[in-house]
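Asker: Got a predicted structure plus its sequence, pasted below:
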Amino acid sequence: MASAEARFGPEDELRGARFVEADMTGTAFRLARLDGARFDQSFMPGVLMRGVDLTDGDLDGEITGLRVNGVEVAPLIEAELNRRNPGREQARSQDLAEQRASLDAALRAWDAHLERVSAMPAGTVDASVDGEWSTAQTLRHLVFAMDGWVRYGLLGIDDAFWYAGLPFTEYEPEVARLGVDLAAAPSWAETQAAHADRIAQVRALYDDLAGTDVTGDAPRLPPWAPAGLTRAVHQSLGVVAREHWAHLQFVERDLATLEDRAREVR
């Protein structure tokens, strides 16, 4: 049977709907609102919920407040990620020297990742696993993040965005007004050059802010920030290190899969 995709607009009210003894094997939820949803006594391999069979379950994302068998797991996961990635913990520091050292550590880890990619068959940099971003796409997203938080927000550049940056999915309908082309296909060399240029600007900003008070509000936030939201200067700048650590985790996961597949082919 061919797969079907159901799309629901604002006129399709599903709040409060109940699914009882429904076979939803393989169902995909994309851009769905599941606030307050509850899953009880369901068989859902490959999914992440509570009180269910979670064989092969996998979760990444914001998990603050998530409890498993009564234990909040976010602090445990953070501690383990910090143990695995020396320097990661300082990404949220108000001390810019510590925060910069965290970014430098993340970039060294990224360099090691790119060396592994370069040793793989041609095209690996553009290979996607299970619909996730490739290494090249991830680097384009990191450029987009730096353009928003640093160039637009902290440096005040109105025309801040690289044409081939990749936004987070929910913001895709808005990026044309920023000069971003979702259909862009930059070369790998161009993508690396754009990323290196943004990193150079971030480092220059660290130099400029050394010895200043960075606990006050950033002059402005990215265009996607909710109205009225404020962030300290150090928090906006710290996004760069945090994003590099977070997305390194994802590309390393997917590269391991690609390496396994390459070994199987041999």
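Answerer: Happy to help now that I have it.

Asker: Break down the stretch 1-150 of the chain into its helices, ranges please.
Answerer: Counting by DSSP state H, counting those that start in this stretch, the segments of the stretch 1-150 of the chain that form helices are 74-84, 96-118, 135-146.

Asker: now the ones you listed as a markdown table including distance to residue 252, mean neighbour count and mean pLDDT?
Answerer: For the C-beta atoms, the positions are set from N, CA and C on the backbone; glycine is no exception. Below are the helices of the stretch 1-150 of the chain laid out as a markdown table (distance: least, CB to CB, whole Å; neighbours: other CB atoms under 10 Å; pLDDT from 0 to 100):
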| stretch | distance to residue 252 | mean neighbour count | mean pLDDT |
| --- | --- | --- | --- |
| helix 74-84 | 10 | 12 | 88 |
| helix 96-118 | 6 | 17 | 97 |
| helix 135-146 | 10 | 24 | 98 |
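
Asker: Is it possible to get TSV of those that adds distance to residue 228?
Answerer: Shown next, in TSV, are the helices of the stretch 1-150 of the chain (distance: least, CB to CB, whole Å):
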stretch	distance to residue 228
helix 74-84	26
helix 96-118	25
helix 135-146	21
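
Asker: Residue 207 is nearest to which of those?
Answerer: With distances scored as CB to CB, the stretch of the helices of the stretch 1-150 of the chain nearest to residue 207 is helix 96-118 (9.3 Å).

Asker: residue ranges with poor pLDDT in the stretch 101-250 of the chain?
Answerer: Within the stretch 101-250 of the chain, no stretch has pLDDT under 70.

Asker: ok, 90 please
Answerer: When residues are selected by pLDDT under 90, those of the stretch 101-250 of the chain lie in 130-131, 169-170.

Asker: and of the helices of the stretch 1-150 of the chain, who's closest to residue 27?
Answerer: helix 135-146 (25.2 Å).

Asker: Just list what that closest one packs against, helices and strands only.
Answerer: Under the contact definition 3 or more CB pairs under 8 Å, 6 or more residues apart in numbering; DSSP states H and E, helix 135-146 sits against helix 96-118, helix 188-209, helix 233-265.

Asker: and of the helices of the stretch 1-150 of the chain, who's closest to residue 237?
Answerer: From the helices of the stretch 1-150 of the chain, taking CB to CB, the stretch that ends up closest is helix 96-118, at 6.9 Å.

Asker: quick revisit: turn the helices and strands packed on helix 135-146 into TSV, columns for distance to residue 155.
Answerer: Converted to TSV, the helices and strands packed on helix 135-146 look like this (distance: least, CB to CB, whole Å):
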stretch	distance to residue 155
helix 96-118	16
helix 188-209	7
helix 233-265	11
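
Asker: For residue 146, find the nearest of these.
Answerer: Taking CB to CB, helix 188-209 is the member of these nearest to residue 146, at 4.2 Å.

Asker: name the helices or strands packed onto the closest one?
Answerer: helix 96-118, helix 135-146, helix 233-265.

Asker: Include distance to residue 87 when you put those into JSON lines, please.
Answerer: JSON lines is the format used below for the helices and strands packed on helix 188-209 (distance: least, CB to CB, whole Å):
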{"stretch": "helix 96-118", "distance to residue 87": "3"}
{"stretch": "helix 135-146", "distance to residue 87": "17"}
{"stretch": "helix 233-265", "distance to residue 87": "8"}
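
Asker: tell me the contacts of residue 195?
Answerer: 139, 142-143 (CB atoms under 8 Å, 6 or more residues apart in numbering).

Asker: circling back: so which of the helices and strands packed on helix 135-146 comes closest to residue 78?
Answerer: In terms of CB to CB, the element of those nearest to residue 78 is helix 233-265, at 11.1 Å.

Asker: same for that closest one, what does it pack against?
Answerer: Here helix 233-265 touches helix 96-118, helix 135-146, helix 188-209, going by 3+ CB pairs under 8 Å, 6+ apart.

Asker: will you turn the ones you listed into JSON lines that also has distance to residue 245?
Answerer: Listed next are the helices and strands packed on helix 233-265 as JSON lines, based on distance: least, CB to CB, whole Å:
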{"stretch": "helix 96-118", "distance to residue 245": "5"}
{"stretch": "helix 135-146", "distance to residue 245": "11"}
{"stretch": "helix 188-209", "distance to residue 245": "14"}
